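[1] Sharing a sequence plus its predicted fold:
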Amino acid sequence: MRRFALFNIFLALIVITLGALTRLMDAGLGCPDWPVCYGQFIPQNNLAAEEFVHWQFDSVKAWMEMIHRYAASLLGLSILIQAVMLWPRYLGAVRYLSLFLCGWVVLQGLFGMWTVTMRLWPPVVSAHLLGGALTIGAQFLIWRVLTSNREPKTFSVWSAFAFVVFLQMALGAWTSSQYAGLVCPDFPTCQGRWWVEIDANILSAPKMQGDEYLGGLLSMHDKMAIQWLHRLGAIAVLIMFFYLAYRQSLQRRSLYFCMGFLSLQILLGILNAIWLLPLPLALLHNTVAMLLWLSALNGLTSHPIETEDEKPIEELLA
């Protein structure tokens, strides 16, 4: 079961990476319908159909979108099999997290559908991106409990740090869904400014009268404010990490993982800004964010004084 749970973690990371690649390639609407693509499960140029006469078929984008859907479907099936195997054999967090994942992966599928049918509306896109983080986070906790024989600590300084990291990922998702990733091509300033006014307009998500939201609708200033808020969020995560290191100084291995991924993530954020969001770095920025999130969740099951070897979990019979 530990190996199967670990397999699901890697599969979830692949699905999230494929989703990020789909997003970065502007392939979110590579298939204008759902769950099929241009009316078929295998993407083909079907522009002769009346309902698709206003869409330009792009084979690369269509296949990118469908590969993401196929991988997500495989993950959903694997999560269902995991729940069937875990439910009668384990109690506690493992049982309830496996059940939660079964329902959550269905909701993730709905978010994927609404992303297409609502034409990349930012609230739905952001929810879909964060849903992926919750999926891999819950799956990671299942594996961690199975390997450490410890239930996760719901309320601790580690959970506070994980919450701050999640909020920062939410700001990143909103930045991406509002197409604000390229509005500040300099660092540490934003278009030469040392401060950008932030108001309620950053939360607005007007709907487009046409077929899609591609490119976003907010003004340049509002996009700059979103990008600036995301940078402030990175500072908040850094401050929270210093507090975590002060409070949990004995948990060195867990702290080293967080410090490594956090340092890399900040560096990638800076390089993405000044190098104008190159695809490999932007994709890596998304992946490292997930690894930082998992390293924060890892602290929920870590021992106050970590040892080199951990005993495997004993199966708890229902």
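    The structure has been received and is ready for your questions. Residues are numbered from 1 along each chain as shown.
[2] what residue ranges in the stretch 151-300 of the chain are flagged as low confidence?
    The stretch 151-300 of the chain contains residues with pLDDT under 70 at 208-212.
[3] ok, 90 please
    151-156, 200-201, 204-219, 247-254, 276 (pLDDT under 90).
[4] ranges for the helices of it?
    Under the criterion DSSP state H, counting those that start in this stretch, the stretch 151-300 of the chain carries helices at the ranges 157-177, 220-247, 252-274, 279-298.
[5] Buried ones in the second one, by neighbour count?
    Right, helix 220-247. Residues of helix 220-247 classed as buried by neighbour count (16 or more other CB atoms under 10 Å): 222-231, 233-234, 237, 240-241, 244-245. The way it works is simple: take the backbone N, C-alpha and C, and place the C-beta from them, glycine included.
[6] Serialize the helices of the stretch 151-300 of the chain to JSON lines and add fields for distance to residue 107.
    Listed next are the helices of the stretch 151-300 of the chain as JSON lines, based on distance: least, CB to CB, whole Å:
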{"stretch": "helix 157-177", "distance to residue 107": "16"}
{"stretch": "helix 220-247", "distance to residue 107": "25"}
{"stretch": "helix 252-274", "distance to residue 107": "27"}
{"stretch": "helix 279-298", "distance to residue 107": "19"}
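[7] Please identify which of these is closest to residue 5.
    Minimum separation from residue 5 across the helices of the stretch 151-300 of the chain (CB to CB) falls at helix 279-298, 13.0 Å.
[8] Tell me which other helices or strands that closest one touches.
    For helix 279-298, the elements it packs on are helix 2-24, helix 122-148, helix 157-177, helix 252-274, judged by 3 or more CB pairs under 8 Å, 6 or more residues apart in numbering; DSSP states H and E.
[9] who wins for proximity to residue 78 among those?
    Distance to residue 78, taken as CB to CB, is lowest for helix 2-24 among the helices and strands packed on helix 279-298, at 5.5 Å.
[10] Can you give the distance of the closest one from its chain's centre?
    Helix 2-24 sits 10 Å away from the centroid of its parent chain (CA atoms, centre = their mean, to the nearest Å).
[11] how about the CA coordinates for it, as CSV?
    The C-alpha trace of helix 2-24 is given here as CSV (Å, rounded to 0.1, in the frame of the first residue of the first chain):
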residue,chain,number,x,y,z
ARG,A,2,2.9,2.4,0.7
ARG,A,3,4.2,1.8,-2.9
PHE,A,4,0.8,2.3,-4.4
ALA,A,5,0.3,5.5,-2.4
LEU,A,6,3.7,6.7,-3.6
PHE,A,7,2.8,5.8,-7.2
ASN,A,8,-0.3,8.0,-6.9
ILE,A,9,1.8,10.9,-5.7
PHE,A,10,4.0,10.8,-8.8
LEU,A,11,0.9,10.3,-11.0
ALA,A,12,-0.7,13.4,-9.4
LEU,A,13,2.5,15.4,-9.9
ILE,A,14,2.5,14.4,-13.6
VAL,A,15,-1.1,15.4,-14.0
ILE,A,16,-0.4,18.8,-12.3
THR,A,17,2.6,19.3,-14.5
LEU,A,18,0.6,18.5,-17.7
GLY,A,19,-2.1,20.9,-16.5
ALA,A,20,0.5,23.6,-16.0
LEU,A,21,2.0,22.9,-19.4
THR,A,22,-1.5,23.1,-21.0
ARG,A,23,-2.0,26.4,-19.3
LEU,A,24,1.3,27.9,-20.3
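[12] Also compute the angle for the helix or strand following it relative to helix 122-148, please.
    Following helix 2-24 in sequence order, the next helix or strand is helix 59-86 (DSSP states H and E). Inter-element angle recorded for helix 59-86 and helix 122-148: 40 degrees (by axes from the mean of the first three to the mean of the last three CA atoms, to 10 degrees).
[13] Check which residues of helix 59-86 are buried.
    Result for helix 59-86 [16+ other CB under 10 Å]: buried residues 61-66, 68-69, 71-72, 75-76, 78-79, 82-83, 86.
[14] same check, this time on stretch 123-132
    Those would be 124, 125, 126, 127, 128, 129, 130, 131, 132, for stretch 123-132 by 16+ other CB under 10 Å.
[15] Include distance to residue 199 when you put the helices and strands packed on helix 279-298 into JSON lines, please.
    Shown next, in JSON lines, are the helices and strands packed on helix 279-298 (distance: least, CB to CB, whole Å):
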{"stretch": "helix 2-24", "distance to residue 199": "26"}
{"stretch": "helix 122-148", "distance to residue 199": "17"}
{"stretch": "helix 157-177", "distance to residue 199": "15"}
{"stretch": "helix 252-274", "distance to residue 199": "22"}
